[in-house]
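Colleague: Generate a structure from the sequence data that follows.
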Amino acid sequence: MAKWTEEMNKTTAPTAAPFPRMLTLDEVQEILNLGKPLVYALVKSGELRAAQFGGRGIWRVRQDDLEAYIDAAYEKTAERIASGQIPDGDIPADG
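Modeller: Okay, the predicted model is just below:
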């Protein structure tokens with residue numbers, strides 16, 4: 001029994017979570033400060049990756065997928081500004 005205890009003491013718990021954080025669509029809505037219909041439209045179009053879980057089809061978005069969506073939105077906006085698709089008057093001065 002002593003050997004088992006020594007071996008158990010040598011093992012360390014993982015420092016990082018084994019799975020990414022999962023967000024509800026309500027949390028995504030709050031983070032992006034968007035209306036629920038727009039969040040659902042982003043998911044339905046595939047622009048924002050999400051998955052359904054369980055028999056009731058609960059939607060979840062991985063935190064890294066939300067971060068990727070946000071990064072892509074910034075890149076797309078920068079490209080539109082650079083190409084002149086967004087007129088100067090439509091760009092907010094205070095960001």
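
Colleague: ok, the longest strand seen in the chain: who's next to it in the sheet?
Modeller: Ranked by residue count under DSSP state E, the longest strand found in the chain is strand 58-62. Applying DSSP bridges, strand 58-62 is found paired with strand 22-23 (antiparallel), strand 51-53 (antiparallel).

Colleague: Just the buried residues of it, please?
Modeller: Of the residues in strand 58-62, those scored as buried under the neighbour-count criterion (16 or more other CB atoms under 10 Å) are 59-62. No exception for glycine: its C-beta is placed from N, CA and C like everyone else's.

Colleague: List just the nearest of these to residue 84.
Modeller: Ranking the buried residues of strand 58-62 by separation from residue 84, with CB to CB as the measure, puts residue 61 on top at 32.7 Å.

Colleague: ok, that closest one to residue 35 distance?
Modeller: For residue 61, the distance to residue 35 equals 16 Å [CB to CB, to the nearest Å].

Colleague: Next: residue 18.
Modeller: 34 Å.

Colleague: Residue 78 versus the residue nearest to residue 32 when sequence neighbours are not counted, what's the distance?
Modeller: Of all residues not flanking residue 32 in the chain, residue 39 sits nearest, at 7.0 Å (CB to CB, 6 or more residues apart in numbering). Counting by CB to CB, the gap from residue 39 to residue 78 is 23 Å.

Colleague: Same check on residue 50?
Modeller: When distance is defined by CB to CB, residue 50 is 25 Å away from residue 78.

Colleague: who's more crowded, residue 39 and residue 78?
Modeller: More crowded of residue 39 and residue 78, by other CB atoms under 10 Å: residue 39, with 22 against 11.

Colleague: Any chance you could list what contacts the strand or helix carrying the more buried one?
Modeller: Remark: residue 39 resides in helix 36-45, with elements defined by DSSP states H and E. Contact with helix 36-45 is made by 25-26, 28-29, 32, 48, 50, 59, 61, 69, as judged by CB atoms under 8 Å, 6 or more residues apart in numbering.

Colleague: Identify each buried residue in that helix, please.
Modeller: 39-40, 42-43.

Colleague: can you give me the helices for the protein?
Modeller: In order along the chain, the chain carries the following helices (DSSP state H): 2-10, 25-32, 36-45, 63-82.
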